[in-house]
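S.K.: any chance you could fold what I've pasted below:
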Amino acid sequence: MNSATPTSAMRGSNHVGMRQFNERTVLQAIRHHGAIPKADLARLTQLSTQTVAIIVGRLLDDGLLIKQDRVRGKIGQPSVPLSLNPQGAFSVGIQVGRRNLELLVADFMGRPVERVEVLYDYPDPDRLFVSMAQGLQTLQQRMGDLWPRTVGVGLTAPLSLHKWADLMGGQAAQALARWETIDLTAEVQGLTDLPVVFAKDTTAACVAELLQGHGRHVRSFLYVFVGTFIGGGLVLSGHIMNGERGNAGAIGSLPVGLASHASRDLGMPPQLLQKASGWQLEQALLAAGHDALLIHQDRIMDAPYRSMTEAWLAQASQALAMTVASSAALLDLDAVVMDGSLGAPLMSALMTATQEALAQYRFDGMHQPQLLAGQVGPHARALGGALLPLHSQFFPDKDIFLKQDNP
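M.R.: Numbering: from 1, shown residues only. From the prediction side, this is the model:
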C-alpha cells in the first residue's frame, strides 16, 4: 500500500446505508494498492468478507473492475486479483489558458487517452467557445462507443482571466478584459450535456501531481507551475489547501523584493509573476524578431536564443529561490515541486539554476525542502481538470478540489 495513504484512510463501514461510501472505499483501495484479491481487499478496508464480495460483484457488473489472471503457487485456493478497468469510466478536462486551449480525456486510471489543443495569441471569448465546441465534438468522435461512459467535465482556468490584462496590451488586453463579465462555467455547460465543475488551473495541476505524481509519496509540498504566468498550489499532510478565497499557494502574487521609502519613486516591489513567468521570455523573443511560442520547444536552448534564455533564467531562478525560502519558513514543507508548460530543456535549466540560487539562502532553524521536478508535465492543468469528475463520483475524498469561486 502507498505509504502516503494510511490504512485508516481507506476503512469502510459495515452499517446499513453506507453502500456508496463503501464502494468508493473499495475503489480507492484498489487505486492505491493496485490489483488485489478480495480477501486482501477486506483486510485492507476492514470491511467484512461478505460486504466486499457484494461490492465487488456490483462493481464488476458495472464494468468498473476487471479480474486479472489467477495467482497460483501459494497455499490455499488460487486467488483472483481485481483491478480498476481503465475503460470503466472516462472524464474530460478542459483547460483555458492565456496562450492555449486544451481538451483531454482521461480513463478510469487517470491516464490521458485523447487530447486536442488549440494555440492562440490570447483567449478571445468568441473564438474560444467555438474552438471548445469543435474540440468536444472531435473527442466524442474519437471515443466512439466509449463516449457514453464519460461522466463529466472538469473545467480549469486562471481564477480571474481578466487580471493582469495590462501586461499583454493591445487587442489582448481588450479581449482579456471581457472575461470579467463572462460566466465561464455556464458557457461551457451550454456546450455539453455532461455535468461541468470548475477548478482554478494551478489547483488542478497541483491535484494532478498529488494523485498521479510526487503526491503519492510526498505529504506536504508547494507546487509551482511555470507557464505564460507562474502560479502554484499547496498540499499539506496529503490535502489540497485552497484558503478561504482560493488563494492559498497563489505564489504568482508573492512580492520578491522589499518596499521602502527610498524606492518609492521606482514603484512597488515586483511580484513573482513579473520575474519568473514565461511571459518575460516571450517578450524578449518577440523584441528580437523570434516566435514567442519557442519557449515551449526544445530548441529554445539553441545558441541563437542563448542570451535571452540566460538572462531570463538568472532573473527567474533568483525570484524562485526567494519564494522557496520564504515558503519553507512559513509552511515547513517536505518539498517544492516544479512543473510547467515550457520546453523540457528550459524547465530542466530553470530547476538547476533555482537549486544553485538556493545556496545563497540560509535555512537555519527550518527544514530546507527538496526541489523536485514535476512528474505530470505540461498537460497537468487539463489532466487535473479531468480527474475532478472521476474523484467526485467514484472515490471517498470527493472534496479533493475544495469549493472555489468561478473566474
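S.K.: tell me where the stretch 51-200 of the chain has strands.
M.R.: Along the stretch 51-200 of the chain, the segments classed as strands by DSSP state E, counting those that start in this stretch run 65-67, 82-84, 90-96, 100-106, 112-119, 150-157, 196-200.
S.K.: flag every buried residue along stretch 281-298.
M.R.: Using 16 or more other CB atoms under 10 Å as the test for burial, stretch 281-298 gives 281, 282, 283, 284, 285, 290, 292, 294, 295, 296. To be clear about C-beta, it is placed using only N, CA and C from the backbone, and glycine gets the same treatment.
S.K.: in terms of pLDDT, where does the second one sit?
M.R.: Looking at residue 282, its pLDDT reads 94.
S.K.: which one is it nearest to, not counting chain neighbours?
M.R.: Counting by CB to CB, 6 or more residues apart in numbering, residue 292 is the residue found nearest to residue 282 once chain neighbours are left out, at 3.9 Å.
S.K.: check contacts around that neighbour.
M.R.: Residues counted as contacts of residue 292 (CB atoms under 8 Å, 6 or more residues apart in numbering) are 282, 283, 285, 286.
S.K.: would you point out the most distant pair within the residues you listed?
M.R.: By the measure CB to CB, those have their two most distant members at 283 and 285, which lie 7.3 Å apart.
S.K.: my guess is residue 122 contacts residue 175. True?
M.R.: Yes - judged on CB atoms under 8 Å, residue 122 makes contact with residue 175 at a distance of 5.3 Å.
S.K.: of these two, who's got more company?
M.R.: residue 175 (22 against 19; other CB atoms under 10 Å).
S.K.: with adjacent residues omitted, what lies nearest to the more buried one?
M.R.: Counting by CB to CB, 6+ apart, residue 175 lies nearest to residue 124, which is 4.6 Å off, once chain neighbours are set aside.
S.K.: from residue 84, how far out is residue 33?
M.R.: According to CB to CB, to the nearest Å, residue 33 and residue 84 sit 11 Å apart.
S.K.: what does residue 292 give?
M.R.: For residue 292, the distance to residue 84 under the criterion CB to CB works out to 41 Å.
S.K.: what does residue 44 give?
M.R.: The gap separating residue 44 from residue 84 is 15 Å, by CB to CB.
S.K.: residue ranges with poor pLDDT in the protein?
M.R.: 1-19, 72-78, 162-170, 261-266, 397-407 (pLDDT under 70).
S.K.: name the single longest helix found in it.
M.R.: In the chain, with assignment by DSSP state H, the single longest helix is helix 306-331.
S.K.: so for it, what gets flagged as buried?
M.R.: Neighbour-count burial for helix 306-331, counted by 16+ other CB under 10 Å, picks out 308-309, 312-313, 315-325, 327-328, 331.
S.K.: distance from the chain centre to it, please.
M.R.: Taking the mean C-alpha point of helix 306-331 and that of its whole chain, the gap between them comes to 21 Å (CA atoms, centre = their mean, to the nearest Å).
S.K.: that helix packs against which elements?
M.R.: strand 221-226, helix 273-276, helix 278-287, strand 335-340, helix 344-358 (3 or more CB pairs under 8 Å, 6 or more residues apart in numbering; DSSP states H and E).
S.K.: please identify the deepest-packed of the ones you listed.
M.R.: Ranked by mean neighbour count under mean count of other CB atoms under 10 Å, these are led by strand 221-226, which reaches a mean of 28.
S.K.: parallel or antiparallel, list what pairs with whatever helix or strand comes next after that strand.
M.R.: The helix or strand immediately downstream of strand 221-226 is strand 230-236, counting by DSSP states H and E. Using DSSP bridges, the strands paired with strand 230-236 in its sheet are strand 221-226 (antiparallel), strand 239-241 (antiparallel).
S.K.: out of the ones you listed, which gets nearest to residue 189?
M.R.: Scanning the strands paired with strand 230-236 with CB to CB as the criterion, the closest one proves to be strand 239-241, at 23.6 Å.
S.K.: looking at residue 33 and residue 84, which is more packed in?
M.R.: The residue with more neighbours, out of residue 33 and residue 84, is residue 84; 21 against 17, by other CB under 10 Å.
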